[in-house]
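**Student:** Quick check, what structure comes out for this input:
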Amino acid sequence: MADQPGRDKTEETIGADYERVISTYYGEDPVTAIINLKVDTKEVDRLATQVSDFACVEDVFLVTGETDIVVKAQFRDYRNLKDFVVNDLASLEGIKDTITLMVVTTYKERGKSKDEVPK
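**Tutor:** Below you'll find the model as predicted:
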C-alpha cells in the first residue's frame, strides 16, 4: 500500500487494530447505530430527508446542541454500518462531521423494557 499524505504508519496500525477488534466483537451480528451529524444549517431539511430515504435508517431527529441531526439505523453487520458511513453519508453534500455510536446493549426501546423488546 502506498503511503498516504498526512498519515503515518502508527495511525494505519491503530486503524487496522481498531477495525480488527470491532469486526471480531460484532462479527456477523446485527448492529444498531446512533449517528450524530453536524451539517450545513442551510441544508438541514434536505439532508434529513435524504438520510431518511435509506432503508437501514429507522429514525431521524433534528436536534439542538453540538449535533444537528441524530440518526438511528439498523445494519446486517458492522461492515454494512461502515459502508453506510464511509460511502453513503460521505457522498451527501453538506455533512460536515459524523460521530457514530454503536449500541452494545438495549435496555428500553420504543417504550418497552429489554424483557419486552421483540428479539
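
**Student:** Do you have the strands of the protein handy? List them.
**Tutor:** For the chain, the strands defined by DSSP state E occupy 31-39, 57-62, 69-75, 95-102, 108-109, 112-113.

**Student:** quick one: pLDDT of the closest residue to Val71 other than its chain neighbours?
**Tutor:** Sequence neighbours aside, Ile35 is the residue nearest to Val71 in space, at 4.3 Å (criterion: Cβ to Cβ, 6 or more residues apart in numbering). Any C-beta I mention is one placed from the backbone N, CA and C, and that applies to glycine too. Looking at Ile35, its pLDDT stands at 98.

**Student:** can I assume Ile35 is in contact with Met102?
**Tutor:** No. Applying Cβ atoms under 8 Å as the test, Ile35 and Met102 come out as separate, 9.8 Å apart.

**Student:** So which of these two has more stuff around it?
**Tutor:** Neighbour count, other Cβ atoms under 10 Å: between Ile35 and Met102, Ile35 has more, with 22 against 15.
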